[in-house]
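Trainee: Okay, sequence plus prediction incoming.
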Amino acid sequence: MRWSRVLLTLAVLLLLQTTVVPWLEIAGTGPNLLLIFVVWRALGWPLERSYLPCWLAGLARDVFSGGGHLGAFAALYLVAALLISRVRRGLFVKHVVTQVMVVVAASLASEGAWLLVWHHPPGWSALVVRLLIGALYTALVTPVVLGLFWSLGWRRR
């Protein structure tokens, strides 16, 4: 994938994440399109071609989420890409169920780590429910987003 496509994909996903997804929220959480991009890159490309786009996706999330911890999601998405690229040899990476399960695991791990390390909320039970809803919601949207990527011809070369 050329850098122009990577940047265009990130820009479109970021635009959708900041404009459309807030309208689709359930219980205060919506699907994480940038995380789907991270999983797609980590499953479909060699690590040396996916770590920088995954880091950029996390940095974009940091900049536009207003969380106050610049670089937190950049680091978390980079670690997620590294871990996914390490285990993908044992997975059926082209099967949609595998992709959805990896998105759920990556969502729970990255969002959970962010909550534990940087957020320290007082009401844990409500945030755990939001974490689960967000992971499941992202999983439901994953086949649509990945299907769009594949239909546009954005495949590994």
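Mentor: Arrived safely.

Trainee: Residue nearest the middle of this protein, spatially speaking?
Mentor: By Cα atoms, centre = their mean, the chain has its centre lying nearest to Leu35, at 0.4 Å.

Trainee: Give me the longest helix you can find in the chain.
Mentor: helix 124-151 (DSSP state H).

Trainee: Output the contacting helices and strands for it.
Mentor: helix 33-44, helix 96-114 (3 or more Cβ pairs under 8 Å, 6 or more residues apart in numbering; DSSP states H and E). C-beta: built from backbone N, CA, C; applies to glycine.

Trainee: could you dump these to a markdown table with distance to Ala11?
Mentor: Formatted as a markdown table, these follow (distance: least, Cβ to Cβ, whole Å):
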| stretch | distance to Ala11 |
| --- | --- |
| helix 33-44 | 11 |
| helix 96-114 | 21 |
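
Trainee: returning to what we had before: tell me which residues touch the residue nearest to the centre of the chain, please.
Mentor: 57, 77, 80, 103, 106-107, 110, 138 (Cβ atoms under 8 Å, 6 or more residues apart in numbering).

Trainee: Equivalent analysis for Leu16, please.
Mentor: Leu33.

Trainee: Just put the helices and strands packed on helix 124-151 in CSV and tack on mean pLDDT and distance to Ser65.
Mentor: Listed next are the helices and strands packed on helix 124-151 as CSV, based on pLDDT from 0 to 100; distance: least, Cβ to Cβ, whole Å:
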stretch, mean pLDDT, distance to Ser65
helix 33-44, 92, 10
helix 96-114, 89, 10
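
Trainee: winner for burial among those helices?
Mentor: helix 33-44 (a mean of 26; mean count of other Cβ atoms under 10 Å).

Trainee: between that helix and helix 96-114, how big is the angle?
Mentor: 120 degrees (axes from the mean of the first three to the mean of the last three Cα atoms, to 10 degrees).

Trainee: 58 is where my numbering starts, stick with that
Mentor: In the new numbering, first residue 58, that becomes helix 90-101.

Trainee: helices or strands next to the helix or strand following helix 90-101 in the packing?
Mentor: For helix 90-101, the following helix or strand on the C-terminal side (DSSP states H and E) is helix 104-122. Applying 3+ Cβ pairs under 8 Å, 6+ apart, we find helix 104-122 packed against helix 60-76, helix 90-101, helix 129-144.
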